[in-house]
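Colleague: One predicted model, sequence on top.
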Amino acid sequence: MSDSLKVLIKPCSSGSCPTLYQDDQGRVFVQGSKLADSARTGIAIAGHEDVVELSPELVEYLRSGQL
């Protein structure tokens with residue numbers, strides 16, 4: 001991961017909240033709440049991966065094509 005990440009969208013003004021970041025190589029990173037194990041039923045993921053929940057604000061930003 002790059003040393004510098006640009007915040008694309010962070011819908012809250014303070015503290016930790018769902019955020020989209022982009023590095024200087026154009027890769028996008030998501031910060032969100034991890035799904036509880038019970039919510040992962042039926043989702044097959046590798047041991048080095050995780051699943052996060054995206055807030056409606058982050059989804060709308062992605063849909064807007066502003067990347």
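Modeller: Thanks, I have the structure now.
Colleague: and the residue sitting nearest the centre point of the chain, what are its phi and psi?
Modeller: The structure's the chain has its C-alpha centroid closest to Val30; by C-alpha atoms, centre = their mean the separation is 1.8 Å. Backbone torsions for Val30, taken as degrees, to the nearest 10, come to phi -120, psi 130.
Colleague: How about the contacts made by it?
Modeller: If you count contacts by C-beta atoms under 8 Å, 6 or more residues apart in numbering, Val30 has them with Pro18, Thr19, Leu20, Tyr21, Val52, Leu54, Leu58. Quick note: C-beta positions are derived from backbone N, CA and C, even for glycine.
Colleague: Where does Tyr21 sit: helix, strand or coil?
Modeller: strand (DSSP: H, G, I helix; E, B strand; the rest coil).
Colleague: do you know how far it is from Arg40?
Modeller: Counting by C-beta to C-beta, to the nearest Å, the gap from Tyr21 to Arg40 is 24 Å.
Colleague: again, but for Pro18
Modeller: Distance check for Pro18 against Arg40: by C-beta to C-beta, it reads 18 Å.
Colleague: between these two, which one's more packed in?
Modeller: More crowded of Pro18 and Arg40, by other C-beta atoms under 10 Å: Pro18, with 20 against 13.
Colleague: ok, the more buried one - contacts?
Modeller: Counting by C-beta under 8 Å, 6+ apart, Pro18 makes contact with Lys10, Pro11, Val30, Gln31, Gly32, Ser33, Glu53, Leu54, Ser55, Glu57, Leu58.
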